[in-house]
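In: compute the structure for the input listed below.
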Amino acid sequence: MNLFADIRSAVIEALDAMVAAGALPAGLDMTAVAVEPPRDAAHGDMATNAAMVLAKPAALAPRAIAEDLAARLAADPRLTHAEVAGPGFINLRLAPSVWQAVVQTALRAGADFGRSTLGQGQRVNVEFVSANPTGPMHVGHTRGAVFGDALAALLAFSGHDVTREYYINDGGAQVDVLARSAYERYREANGLEPEIREGLYPGDYLIPVGEALKAKYGASLLDQPESVWLEDIRSFATEAMMAMIRDDLALLGVKMDVFSSEKALYGTGQIEAAIETLRGMGLIYDGVLEPPKGKTPEDWEPREQTLFRSTAHGDDVDRPVKKSDGSWTYFAPDIAYHYNKVQRGFDALIDVFGADHGGYVKRMKAAVSALSGGRVPLDIKLIQLVKLWKNGAPFKMSKRAGTFVTLRDVVEQAGADVTRFVMLTRKNDAALDFDFDKVLDQSKDNPVFYVQYAHARISSVLRKAVEAGVAVDDATLAGQDLTGLTHPAELQLARKIAEWPRLVEIAAKSNEPHRVAFYLYELASDLHSLWNRGNDDSTLRFVQEGDATTTQAKIALARATGVVISAGLAILGVTPVEEMR
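Out: Model prediction:
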């Protein structure tokens with residue numbers, strides 16, 4: 001049940017009646033007609049822009065349209081008021097019975113309340129994390145992992161068929177560096193002094209890899225040339241790093257559906273096939289790029305290269321796919337990988353990149369546009385940096401990682417639930433401060449605590465009612481007479497519950513799971529406000545001593561709030577708590 005969509009349908013029906021009556025011309029596009037919460041809650045429960053967006057195409061004054069429309073809407077029994085405001089907006093007030101019915105609907109639907117058919121089963125691939133398999137994941141990967149996982153859950157909740165995918169960057173020079181670093185730890189395991197020269201990975205996390213190599217190879221690789229051991233150790237170390245990454249993801253509650261290997265694209269003809277497909281479209285040519293202005297990109301050469309005409313699909317400049325020496329650029333396997341996704345039949349692709357990959361956005365969109373004939377949209381979400389703080393100072397580096405704070409460092413100190421929620425308290429493209437002191441603080445200023453405390457309060461009310469012999473199962477509560485829920489604070493909480501289905505669709509359409517976290521904080525605030533009012537006004541308390549009927553009605557409102565909090569936290573990947581310690 002999306003109440004806002006229901007009222008919008010009523011607005012559209014009234015507009016159609018105006019067309020039939022000759023008050024509006026036929027053939028008007030109603031797509032931009034919206035019904036949403038007003039900017040100022042004092043103006044009403046909902047507002048519609050119908051008159052404003054139809055005035056120009058109808059060649060009529062917006063206020064004239066609004067007055068006719070408001071008069072027709074006033075006949076709807078769900079509305080108590082339809083008032084024209086300003087140049088032509090219409091503010092609507094709904095009867096208390098409408099909000100009371102929302103509570104019952106939420107209880108009957110349970111965990112499915114707010115679940116949407118928006119996606120209509122469209123297949124969406126969400127690629128996220130995709131950290132280089134050269135060491136443990138750092139805090140930046142943590143934010144990307146949480147964002148991607150929550151986005152996938154949000155899209156699934158809104159009716160999409162979602163695949164979570166990790167692209168293993170195991171085809172570049174960095175895995176050779178990993179192999180050389182692991183070899184030094186192998187030498188160390190054999191009693192020799194490791195030579196961790198500049199450019200190698202210094203972290204202690206490779207010590208167990210070296211010991212495992214010794215267990216497998218003994219001393220047979222010592223003093224052997226690199227050509228003898230590089231390939232074997234590269235594969236061994238990459239597998240060990242991916243096992244570590246999988247463990248880290250599991251610690252955060254993230255499970256991938258698919259792991260795809262960059263290395264698997266080489267020598268299989270997949271890169272060549274993708275490039276030849278583009279060539280067949282007239283999008284591959286040999287040429288020399290103009291020297292760039294300002295900073296020189298790593299893939300620019302002042303000589304002839306094989307280029308992708310990405311400007312034909314919205315990019316600023318054409319992009320190299322093959323260097324002058326005949327080797328592929330980094331971009332070429334990425335093209336092949338995305339072509340593979342298109343060939344697997346996905347209806348939409350989403351990539352979650354670190355902010356330092358901003359330069360890749362236009363070229364990747366151009367490639368997918370070309371390879372899919374414009375059929376498959378690609379949305380790239382950039383994840384901004386996370387700044388860690390503790391005791392009022394920047395959090396120090398991890399000795400184990402050597403150069404950065406790991407995902408495990410963060411989760412072990414803050415917990416997976418807190419980490420996940422906090423990582424979603426800012427939009428993905430905004431920098432985020434993660435203060436270990438604040439995220440564990442039990443106050444209103446800590447959104448994790450505030451939302452969890454609301455759920456714990458609801459659970460405590462349910463326990464208290466059960467102890468008093470009051471039935472509080474959802475079926476019983478949904479069947480109660482809720483007409484007594486008329487206090488403004490009670491209706492405000494019901495209104496916020498009613499916003500949940502609309503919020504889910506808005507967040508899913510924009511691929512913005514942080515909206516769920518923001519909404520849950522607002523919902524919790526309304527619950528706490530009603531609870532605190534009960535401290536001064538006993539008639540607002542959820543448990544009314546000696547009055548089971550009134551208690552059940554009030555607890556129905558609390559329980560419906562809990563249903564939405566649980567659903568929202570499930571999307572964020574956070575476990576709701578039953579009581580606070």
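In: how close does the closest residue to Gly44 other than its chain neighbours sit to Trp99?
Out: Among residues not flanking Gly44 along the chain, Asn91 sits closest, at 3.7 Å (C-beta to C-beta, 6 or more residues apart in numbering). Bear in mind the C-beta positions are built from the backbone N, C-alpha and C, glycine included. Going from Asn91 to Trp99 by C-beta to C-beta, to the nearest Å gives 16 Å.
In: who's more crowded, these two?
Out: Taking other C-beta atoms under 10 Å, Asn91 and Trp99 do not tie; Trp99 has more neighbours (24 against 20).
In: what sits against the more buried one?
Out: Counting by C-beta atoms under 8 Å, 6 or more residues apart in numbering, Trp99 touches Leu485, Leu491, Ala494, Arg495, Ala498.
In: try 6 Å this time
Out: Leu491, Ala494, Arg495 (C-beta atoms under 6 Å, 6 or more residues apart in numbering).
In: just send these back as a markdown table, with pLDDT, secondary structure and neighbour count too.
Out: Compiled in a markdown table, the contacts of Trp99 are given as follows (pLDDT from 0 to 100; DSSP: H, G, I helix; E, B strand; the rest coil; neighbours: other C-beta atoms under 10 Å):
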| residue | pLDDT | secondary structure | neighbour count |
| --- | --- | --- | --- |
| Leu491 | 97 | helix | 18 |
| Ala494 | 98 | helix | 23 |
| Arg495 | 97 | helix | 19 |
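In: for stretch 564-575, which outside residues touch it?
Out: For stretch 564-575, contacts defined as C-beta under 6 Å, 6+ apart pick out 111, 114, 149-150, 153-154, 157, 253, 417, 420-421, 424, 455, 497, 500, 516, 520, 576.
In: who's in contact with stretch 420-433?
Out: 143, 146-147, 150, 381-387, 434, 439, 447-448, 513-514, 517, 572-574.
In: any buried residues in that stretch, and which?
Out: Within stretch 420-433, the residues that count as buried by 16 or more other C-beta atoms under 10 Å are Arg420, Phe421, Val422, Met423, Leu424, Thr425, Arg426, Lys427, Asn428, Leu432.
In: cool, stretch 318-338 as well?
Out: Of all the residues in stretch 318-338, those buried under the rule 16+ other C-beta under 10 Å are 318-322, 328-329, 331-338.
In: quick check: the residue nearest to Gly44 vs Ala70, distance?
Out: According to C-beta to C-beta, Asn91 and Ala70 sit 9 Å apart.
In: PyMOL command for the buried members of the contacts of stretch 420-433?
Out: If you want just the buried ones from the contacts of stretch 420-433 in PyMOL, going by 16+ other C-beta under 10 Å, the selection is:
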select buried, resi 143+146+147+150+381+382+383+384+386+434+439+447+448+513+514+517+572+573+574
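In: in helices, which of the contacts of stretch 420-433 appear?
Out: The helices, defined by DSSP state H, take in Arg143, Val146, Phe147, Ala150, Val439, Pro447, Val448, His514, Ala517, Leu572 from these.
In: tell me the mean pLDDT for stretch 104-119?
Out: On average, the pLDDT along stretch 104-119 is 97.
In: tell me the buried residues in it?
Out: Residues Gln104, Thr105, Ala106, Leu107, Arg108, Ala109, Phe113, Gly114, Ser116, Leu118, Gly119 are the ones in stretch 104-119 that count as buried (16+ other C-beta under 10 Å).
In: re the thing from before, could you identify the most distant pair in the buried residues of stretch 420-433?
Out: Using C-beta to C-beta, the buried residues of stretch 420-433 reach their maximum pairwise distance at Arg420 and Lys427, which is 15.8 Å.
In: looking at the most centrally placed residue in the chain now. What's its pLDDT?
Out: Taking C-alpha atoms, centre = their mean, the centroid of the chain lies closest to Leu151, which sits 2.9 Å from it. With respect to pLDDT, Leu151 has a value of 98.
In: what's the domain layout of the protein?
Out: For the chain, automatic domain parsing gives the domain ranges 3-94, 173-251, 444-572.
In: from the chain's centroid, how far away is the shortest one?
Out: Averaging C-alpha coordinates over domain 173-251 and over its chain gives two centres that are 35 Å apart (C-alpha atoms, centre = their mean, to the nearest Å).
In: and that domain, how far apart are its ends?
Out: 29 Å (C-alpha to C-alpha, to the nearest Å).
In: please report how far the closest residue to Leu278 other than its chain neighbours lies from Phe331.
Out: Once flanking residues are discounted, Leu278 sits nearest to Ile284: 5.0 Å by C-beta to C-beta, 6+ apart. Note on Ile284: its distance to Phe331, by C-beta to C-beta, is 12 Å.
In: ok, Gln120 next?
Out: Per C-beta to C-beta, Gln120 is found 33 Å from Phe331.
In: low pLDDT regions in this protein?
Out: Residues of the chain that meet the criterion pLDDT under 70 lie in 294-300, 397, 399.
In: make JSON lines from the buried residues of stretch 104-119 and add distance to Asn125 and secondary structure to it.
Out: Below are these laid out as JSON lines (distance: C-beta to C-beta, whole Å; DSSP: H, G, I helix; E, B strand; the rest coil):
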{"residue": "Gln104", "distance to Asn125": "38", "secondary structure": "helix"}
{"residue": "Thr105", "distance to Asn125": "33", "secondary structure": "helix"}
{"residue": "Ala106", "distance to Asn125": "32", "secondary structure": "helix"}
{"residue": "Leu107", "distance to Asn125": "35", "secondary structure": "helix"}
{"residue": "Arg108", "distance to Asn125": "34", "secondary structure": "helix"}
{"residue": "Ala109", "distance to Asn125": "29", "secondary structure": "helix"}
{"residue": "Phe113", "distance to Asn125": "28", "secondary structure": "coil"}
{"residue": "Gly114", "distance to Asn125": "24", "secondary structure": "coil"}
{"residue": "Ser116", "distance to Asn125": "20", "secondary structure": "coil"}
{"residue": "Leu118", "distance to Asn125": "17", "secondary structure": "coil"}
{"residue": "Gly119", "distance to Asn125": "13", "secondary structure": "coil"}
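In: now these in TSV, with distance to Met241?
Out: Output for those, formatted as TSV (distance: C-beta to C-beta, whole Å):
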residue	distance to Met241
Gln104	52
Thr105	49
Ala106	45
Leu107	48
Arg108	48
Ala109	44
Phe113	42
Gly114	39
Ser116	38
Leu118	38
Gly119	34
